[in-house]
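Novice: Structure for the following, please:
(one chain, ligands or ions: 1)
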Amino acid sequence: MNLKEAQVKDIVRKVLLQMEAGNKEEQKLSGVFTDMNDAIGASIKAQKVMQQLSMDSREKIISNIRKKTLENAELFARMGVEETGMGNVGHKILKHQLLAEKTPGTEDISTVAWSGDRGLTLVEMGPFGVIGAITPCTNPSETILCNSIGMIAGGNTVVFNPHPAAIGVSNLAVHMVNEASREAGGPDNIAVSIVKPTLASGDIMMKHQNIPLIVATGGPGVVTTVLSSGKRGIGAGAGNPPVLVDETADIKKAAMDIVNGCTFDNNLPCIAEKEVVAVGKIMDELLHYLIEYGCYVISKEEQEKLTAVVLKDNRLNRKCVGKDARTILSMIGIEAPENIRCIIFEGEKEHPLIAEELMMPILGIVRAKDIDDAIEKSVWLEHGNRHSAHMHSKNVDNLTRFGKAVDTAIFVKNAPSYAALGFGGEGFCTFTIASRTGEGLTSARTFTKQRRCVMADSLCIR
Ligand code: NAD
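Specialist: Sure thing, here's the model as predicted:
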């Protein structure tokens, strides 16, 4: 597929129109309802059918979701960028391909058994039933598709309350999940959503008596709300990942990895490098290579101008989030050369462009006296989110000390941050990293509950 800008605009417009036209009798996008209670009702019905399906049938549905995600990766990528005004099409295509290929399916759910004189006992992982999920605008269809695969693998159905700023692409993903299910012989409405999600519709979902588990992927506000809901909540919240570089690192490679990680999808991923802490001795060499890999150094005066634009009235300016470096520089009157990918400057850790989670390719660099100072500053910058931190070093003791001190769900060493998602690193993919509640990188097993099944005095055939 090679979509032109005008075609994508047309598809976005059509999807939004289809959703507007949706009502109980004539739904144009499958799984997309006007009313949250209707959506939940349909999801409850679909889950009853899901419960009767074999594991093999679940796996067939998941395989078809993977296939369709790969076929439509470009459409989702272009739509996401067009609708939200954030991110990079090429990188979003890679994210969709990654989730299609590396999100675990039913193989992730294993059974534990004990057998002996008194019989056979199994612990099997069963579905919660209907899961409520809140998704962000930064990885909209990525999160919906990845959550759907994991939740369906666990035998659940899912009700989404997606971010309103990405509703077209999110609901198209919901539609595609249902299409994949129908084609594979599964039920409709295994994923549902609504035309106009609001805080109120999210509240209905969170309070519904038939929804026992809520999964929130987003900033601190939504995670706190979910954790106050009185239900079991999985909270995948905000990060501000520091990347620490010590004097033993391969500085050239560290600079390349940092720029690649920081600029991936214009810094939207919550795991992406948001600031650098460098041991003073290597500062000049690191700056040299950062510039070689496409970083633009801004002066003190330009930093002030940029702060005024990016943190307008002390609030994150959404018009800058997920934009590329040259677009951001143009907002303060700088016309940067075409090779520029990232904006850098040296500053104190308290500098607002360093301490705040910005989600755009601006990388403040904090100078540290030595490794002790670097660890202390990096831990401070992570703000106790316990989300992600990265390090470039060949000193195992330093790596171990920082890993323990920062205590994050993700700790990438000597690679770009996206290695954590299985992209250029081992391991599976997810877009929901449960930093606050401790499940870490979520997958099918996270969306299941333990059930002990006991047969006394029989079925032990040893
Ligand atoms: P956001 O917090 O603005 O929105 C996320 C979702 O929560 C949206 O669907 C929004 O409508 C909803 N929401 C917001 N406040 C709510 C409330 N009080 N009650 C109910 N719903 C509410 O986040 P965003 O801008 O879409 O995404 C960026 C943020 O999400 C960043 O902070 C980023 O670090 C974080 N994030 C975390 C992960 C992770 O896996 N930990 C993944 C992606 C994004």
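Novice: Nearest spatial neighbour of Val89, chain-adjacent residues omitted?
Specialist: Ala77 (4.9 Å; CB to CB, 6 or more residues apart in numbering). In this view, the C-beta of every residue, glycine as well, is placed from N, C-alpha and C.
Novice: shouldn't that neighbour be in contact with Gln97?
Specialist: No: contact status for Ala77 versus Gln97: not in contact, 9.7 Å apart, counting by CB atoms under 8 Å.
Novice: higher neighbour count, those two?
Specialist: Ala77 (27 against 18; other CB atoms under 10 Å).
Novice: What number of residues are in the vicinity of whichever residue of the chain sits closest to the ligand?
Specialist: Across the chain, the shortest distance to the ligand (CB to the nearest ligand atom) belongs to Gly218, at 2.5 Å. Residues lying near Gly218 (other CB under 10 Å) number 22.
Novice: Let me see the confidence value for the closest residue to Pro136 other than its chain neighbours.
Specialist: In space, and not counting its chain neighbours, Pro136 is closest to Gly218: 4.7 Å by CB to CB, 6+ apart. Note for Gly218: predicted pLDDT of 96.
Novice: In this structure Gly218 contacts Gly237, no?
Specialist: Yes: using CB under 8 Å, Gly218 is in contact with Gly237, at 7.2 Å.
Novice: And for Phe264, the neighbour number?
Specialist: So Phe264, with other CB under 10 Å, has 25 neighbours.
Novice: Can you name the residues in contact with the helix or strand encompassing Leu290?
Specialist: Applying DSSP states H and E as the criterion places Leu290 in helix 283-292. Applying CB atoms under 8 Å, 6 or more residues apart in numbering, the set of residues contacting helix 283-292 from outside is 245, 251-252, 254-256, 258-259, 276, 278, 297, 342, 344, 346, 363, 365, 367.
Novice: Just the buried residues out of the residues you listed, in PyMOL syntax.
Specialist: Only the buried entries of these go into this PyMOL selection, using 16 or more other CB atoms under 10 Å:
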select buried, resi 245+251+254+255+256+258+259+276+278+342+344+346+363+365+367
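Novice: So which of the contacts of helix 283-292 belong to strands?
Specialist: 245, 276, 278, 297, 342, 344, 346, 363, 365, 367 (DSSP state E).
Novice: Which strand residues bridge the fourth one?
Specialist: Judged by DSSP bridges, the bridge partners of Val297 are Ile344.
Novice: give me every residue that touches it.
Specialist: 287, 291, 344-345.
Novice: just the last one next, same as before
Specialist: With contacts defined as CB under 8 Å, 6+ apart, the neighbours of Arg367 are 278, 280, 283, 346.
Novice: Low-confidence bits of the stretch 201-350 of the chain, can you list those?
Specialist: By pLDDT under 70, the stretch 201-350 of the chain contains no weakly predicted segment.
Novice: could the ones in strands among the contacts of helix 283-292 be laid out in JSON lines, adding distance to the ligand?
Specialist: What follows is the ones in strands among the contacts of helix 283-292, written out as JSON lines (distance: CB to the nearest ligand atom, whole Å):
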{"residue": "Val245", "distance to the ligand": "22"}
{"residue": "Val276", "distance to the ligand": "18"}
{"residue": "Ala278", "distance to the ligand": "23"}
{"residue": "Val297", "distance to the ligand": "26"}
{"residue": "Cys342", "distance to the ligand": "19"}
{"residue": "Ile344", "distance to the ligand": "21"}
{"residue": "Glu346", "distance to the ligand": "25"}
{"residue": "Leu363", "distance to the ligand": "16"}
{"residue": "Ile365", "distance to the ligand": "21"}
{"residue": "Arg367", "distance to the ligand": "26"}
